[in-house]
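[1] predicted coordinates and the sequence they were generated for:
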Amino acid sequence: MFKEMGRRSQAVLVILCLLKTVKAFEMEVIPAERIVAQIGDTLVLTCNATGCASPSFSWRTQMDNPLGGKVSHHRTYSTLTMNPVSSVNSHEYLCTVICDEKKKKEKSVKVELYSFPSDPIIEISPSLVAGKPATVICKIPDVYPSSHLEVVLMKDKHILHETNFYADDSTNTETKIVTYSFHPTVEDIGKVISCVARLPIANMDFEPKERTSSQKLNANFGPQNTIITASPDNSPMEGGSLNLTCVTQSNPPPKIVWRKYLAEESIQHLIKNDVLSIPHVRFNDSGRYICEVINVVTNKTEKATVDIIIQGAPVITKLSIEPSTTVQEGENVSIQCSAESNPPPKIILRRKSDNSGIRPYSARSILLPSVTFRNGGDYECVAENKFGNSKSEITLNVKYGPKNTVITVIPTAAVKEGETVTMKCTSSGNPAPVISWKKKLVTGESVKISENATLTIQDLKSEDLGLYECEAYNQYGKEEKAVKLYVQARLEKADQVIPFIIAFSSVAAVAVPAAAILIYVSRQAKINGSYSLVKALRLKV
Ligand SMILES: *[C@@H]1O[C@H](CO)[C@@H](O)[C@H](O)[C@H]1NC(C)=O
Ligand SMILES: *[C@@H]1O[C@H](CO)[C@@H](O)[C@H](O)[C@H]1NC(C)=O
Ligand SMILES: *[C@@H]1O[C@H](CO)[C@@H](O)[C@H](O)[C@H]1NC(C)=O
Ligand SMILES: *[C@@H]1O[C@H](CO)[C@@H](O)[C@H](O)[C@H]1NC(C)=O
Ligand SMILES: *[C@@H]1O[C@H](CO)[C@@H](O)[C@H](O)[C@H]1NC(C)=O
Ligand SMILES: *[C@@H]1O[C@H](CO)[C@@H](O)[C@H](O)[C@H]1NC(C)=O
């Protein structure tokens, strides 16, 4: 059994030896021939031998400079690790393999270096002020070989400055700086400053070969070109909304204050940054508006103004009676109406009960010197323009003492004893007078007999004869009227008792102004009712 196995092993060995002799001794360096490495990265060179049982490896540079890396030998290969790759590694590296101390092979690889690790850094001298010089600094960090570096500074698409470092002979990475000064204008605000750095080495294979950084230009400047825009326009309709926008060029944004010219006072409308918003404009919002802007760059106030005229149908702003809506007769009264609108309104002020065709007061005010009760009533003011009209009313209440006190006797003709007579007393006055009846006794004394305006005497007798007085009273005065019941005739017939014929006569009208009333104009008290004997007799016969 063992014998058998031994023989087989021998056969395998023979085959292996045959294979070994077939595969020749070879070596390679990975990566082959040429490598482009970035300074700072890690680079591993591998030297690999095949067809040799125990190869020995050695590394060296062309000029026998230090290797600048760590060598690590393994059974069939060796590595040279450069971590990090630095400027000392720019060499042609040669790997030598000796197999069985006889056969020697070697290969070289060229390590080429570059460094372009990050985008440029742009710095613009802080707090730029328009019109004053500004400096743009572009830094390109850790470049190698800088003799290939090209830098372009741009403002939007426009080239500001171009430079290169072809004359550079630095042997290590360097941070290159490009500086450029210019005068930014207001128009430059918001434009983009770009720094484009290129390392165009045609025969070196690396990416990227171009790096760009950009920064927006943000120059500071004081407010300028300030204007106010009005939406919808400078003549908005009353009741609508109005937005005034203060448009200015300023960086940093300015502080904005709104004022209205009237009284130089700032106005209290809703202020939203640069917009003055009036949701419902009134006529009194017409006027000159001022927008004042200021920023810390100049500390100088810039102003813009706009004139606003509110248009619309009239609005009655005042309808009043002087000295008061309630007056006494004789006072001097004035009624005034005013309205606002643009275009200006036509105002008509008149007494409502007057027929509009007849004598309309077409003025803004009515003067009523020494007012009478006839002037009392509702007054109307109408203001009108092409956009429409508005109306308002006010009541003039003229107080006056009782007047036109009248006694009406029913029936109107003489009556006979036993019949009924009704005496009605009416009077005008404001407030309405209180009416009462008195009867004058034989003693001369007057006795109040009724608080009612209507006095009815039924079943007329001789005791009812006499003087009846009606008194109309209010706080502004009193007026009295009297009617006398007397026997006008005594008719007799043989067979019967003939009653009295009783007649009436109005007597003595008395107007008594209250002490407080200085002016009492009534001279119009009328005596009413005069009944002739002849007429009465005729009726009765
Ligand atoms: C060496 O070369 C052989 C044959 O080409 C391959 O199989 C092996 O992986 C290589 N070794 C290294 C470390 O590259
Ligand atoms: C004014 O601004 C307000 C709020 O922004 C808006 O609702 C309104 O429509 C604006 N009015 C005009 C006339 O532009
Ligand atoms: C403007 O007029 C309105 C009514 O139309 C009134 O309420 C407001 O007080 C007036 N404002 C001023 C400042 O007179
Ligand atoms: C404007 O005023 C502010 C604060 O009062 C001050 O800090 C700033 O220097 C002033 N600027 C100029 C240009 O005067
Ligand atoms: C009314 O006006 C007249 C003339 O203007 C004046 O003489 C008179 O005293 C005035 N009366 C009253 C009650 O003010
Ligand atoms: C006055 O008399 C009439 C008729 O007699 C009566 O209807 C009325 O109520 C009376 N008024 C008063 C205030 O007594």
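    Here it is on my side, so go on. Numbering: from 1, shown residues only. Ligands and ions are numbered 1, 2, ... in the order given.

[2] I'd say residue 468 and residue 439 touch.
    Yes - between residue 468 and residue 439 there is a contact under C-beta atoms under 8 Å: 5.7 Å. Heads up, the C-betas are built off the backbone N, CA and C, glycines and all.

[3] higher neighbour count, these two?
    Taking other C-beta atoms under 10 Å, residue 468 and residue 439 do not tie; residue 468 has more neighbours (26 against 18).

[4] for that one, which three-state class applies?
    Assigned state for residue 468: strand (three-state reduction, DSSP: H, G, I helix; E, B strand; the rest coil).

[5] what's the burial count for the residue in the chain that ligand 4 sits nearest to?
    Closest to ligand 4 within the chain is residue 299: 3.7 Å, counting by C-beta to the nearest ligand atom. Neighbourhood size, residue 299 [other C-beta under 10 Å]: 8.

[6] so who does it touch?
    By C-beta atoms under 8 Å, 6 or more residues apart in numbering, the contact set of residue 299 is empty.

[7] now it: how far from ligand 1?
    As judged by C-beta to the nearest ligand atom, to the nearest Å, residue 299 and ligand 1 stand 74 Å apart.

[8] and the pLDDT for that residue?
    We note a pLDDT of 88 for residue 299 in this prediction.

[9] tell me if it really is in a helix.
    No - going by three-state DSSP, the assignment for residue 299 is coil, not a helix.

[10] where does the chain have low pLDDT?
    Residue ranges of the chain with pLDDT under 70: 1-22, 126-130, 262-270, 272, 355-363, 489-501, 503, 506-541.

[11] pull the longest strand from it.
    Counting residues, the longest strand in the chain under DSSP state E turns out to be strand 388-410.

[12] by contact count, what packs against it?
    Judged by 3 or more C-beta pairs under 8 Å, 6 or more residues apart in numbering; DSSP states H and E, strand 388-410 is in contact with strand 312-322, strand 326-328, strand 333-342, strand 377-385, strand 421-430, strand 466-474, strand 477-490, strand 500-513.

[13] could these be laid out in TSV, adding distance to ligand 3?
    Converted to TSV, the helices and strands packed on strand 388-410 look like this (distance: least, C-beta to the nearest ligand atom, whole Å):
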stretch	distance to ligand 3
strand 312-322	6
strand 326-328	27
strand 333-342	8
strand 377-385	13
strand 421-430	34
strand 466-474	40
strand 477-490	43
strand 500-513	45
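
[14] who's the closest spatial neighbour of residue 190, skipping the chain neighbours?
    residue 216 (6.1 Å; C-beta to C-beta, 6 or more residues apart in numbering).

[15] kindly report the same for residue 94.
    Residue nearest to residue 94 in three dimensions, not counting chain neighbours: residue 108, with 4.5 Å by C-beta to C-beta, 6+ apart.

[16] am I right that that neighbour sits in a strand?
    Yes - Residue 108: assigned to a strand according to three-state DSSP.

[17] who's the residue nearest to residue 190 bridged to?
    On the basis of DSSP bridges, residue 216 is bridged to residue 192.

[18] residues touching it, list them.
    Contacts of residue 216 by C-beta under 8 Å, 6+ apart are 190, 191, 192, 193.

[19] could you give the number of residues near the nearest residue to residue 252 once chain neighbours are set aside?
    Leaving aside its chain neighbours, residue 252 sits nearest to residue 295 (5.8 Å; criterion: C-beta to C-beta, 6+ apart). Using other C-beta under 10 Å, the number of residues around residue 295 comes to 20.

[20] residue 329 touches residue 371, doesn't it?
    Yes - in this structure residue 329 lies within contact range of residue 371 using C-beta under 8 Å: 6.2 Å.

[21] intersection of neighbour lists for these two?
    In contact with both residue 329 and residue 371: residue 398, using C-beta under 8 Å, 6+ apart.

[22] the more surrounded of the two?
    Using other C-beta under 10 Å, the more surrounded residue of residue 329 and residue 371 is residue 329, with 24 against 20.

[23] I'd like the distance between the more buried one and residue 189.
    Distance of residue 329 to residue 189, computed by C-beta to C-beta, to the nearest Å: 78 Å.

[24] now do residue 336
    58 Å.

[25] next one: residue 347
    Residue 347 sits 55 Å away from residue 189, taking C-beta to C-beta as the criterion.

[26] re earlier: so the residue nearest to residue 94 touches residue 29, yeah?
    Yes - between residue 108 and residue 29 there is a contact under C-beta under 8 Å: 7.3 Å.

[27] intersection of neighbour lists for those two?
    Contact criterion C-beta under 8 Å, 6+ apart; residues shared by residue 108 and residue 29: 93, 95.

[28] from this protein, which residue is nearest to ligand 1?
    Across the chain, the shortest distance to ligand 1 (C-beta to the nearest ligand atom) belongs to residue 48, at 3.5 Å.

[29] and that residue, what helix or strand is that in?
    strand 43-50 (DSSP states H and E).

[30] do stretch 251-264 and ligand 4 meet?
    No - Stretch 251-264 does not reach ligand 4 (C-beta under 6 Å from any ligand atom); its nearest approach is 11.1 Å.

[31] adjust the sequence numbering to begin at 27 for everything that follows.
    Yep, numbering from 27; the last one is stretch 277-290 now.

[32] chain center to that stretch, what's the gap?
    Relative to its chain's centre, stretch 277-290 lies at 15 Å (C-alpha atoms, centre = their mean, to the nearest Å).

[33] sorry, back to before: close to ligand 5, is the longest strand of the chain?
    No - under the criterion of C-beta under 6 Å from any ligand atom, strand 414-436 makes no contact with ligand 5; the nearest approach is 13.3 Å.

[34] backbone torsions only: list them for residue 490.
    Per-residue torsions, residue 490: phi -80, psi -10 (degrees, to the nearest 10).
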